[in-house]
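Visitor: coords please:
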Amino acid sequence: MDEKRFNTLRLLGITISYYRKARGYTQAQLAEEVNISRTHMSNIEAPNAKTSVSLNLLMDIADALDIPVKCLFDFESKEF
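Guide: The predicted structure is shown next:
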C-alpha cells in the first residue's frame with residue numbers, strides 16, 4: 001500500500017474515532033449499530049490502519065453518527 005493511501009486510511013480511522021467518542025459511543029456500540037464486529041471497528045480506527053472500508057459501510061457509519069459522509073474526510077478542520 002502506498003504511503004498516501006495508508007495516510008488516508010489512518011486519518012479516516014482517527015476521524016471515525018473522533019466522531020464516535022463525541023457521540024458517546026463505544027466501539028462495540030457503533031459496530032453493533034452498523035452490523036460489523038467490534039474487532040472490525042477497532043481495525044478501522046487503528047492508528048496503523050490498513051483496513052479498507054466500503055462506501056456502504058462509511059455511509060452506515062456516518063448515518064449512525066448523524067453526520068454527512070463528507071465529514072469523515074474532513075481531516076484538516078479537527079484537532080485530534
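
Visitor: drop to CA atoms for contacts and neighbour counts, all remaining ones
Guide: OK.

Visitor: mind showing which ranges of this structure have poor pLDDT?
Guide: By pLDDT under 70, the weakly predicted segments of the chain are 1, 77-80.

Visitor: pretty sure residue 27 contacts residue 38?
Guide: Yes. The criterion here is C-alpha atoms under 8 Å, and residue 27 meets it with residue 38 at 6.0 Å.

Visitor: which of those two has more neighbours?
Guide: residue 27 (19 against 16; other C-alpha atoms under 10 Å).

Visitor: for that one, give me phi and psi.
Guide: Main-chain dihedrals, residue 27, degrees, to the nearest 10: phi -60, psi -40.

Visitor: residues contacting it?
Guide: The contact partners of residue 27, by C-alpha atoms under 8 Å, 6 or more residues apart in numbering, come to 20, 38, 41, 42.

Visitor: ok, the one residue sitting closest to the centre of the chain - contacts?
Guide: In the chain, the centroid-proximal residue (C-alpha atoms, centre = their mean) is residue 16; its distance is 3.1 Å. Residues near residue 16 by C-alpha under 8 Å, 6+ apart: 45, 72.

Visitor: how much space separates it from residue 55?
Guide: Using C-alpha to C-alpha, to the nearest Å, residue 16 is found at 14 Å from residue 55.
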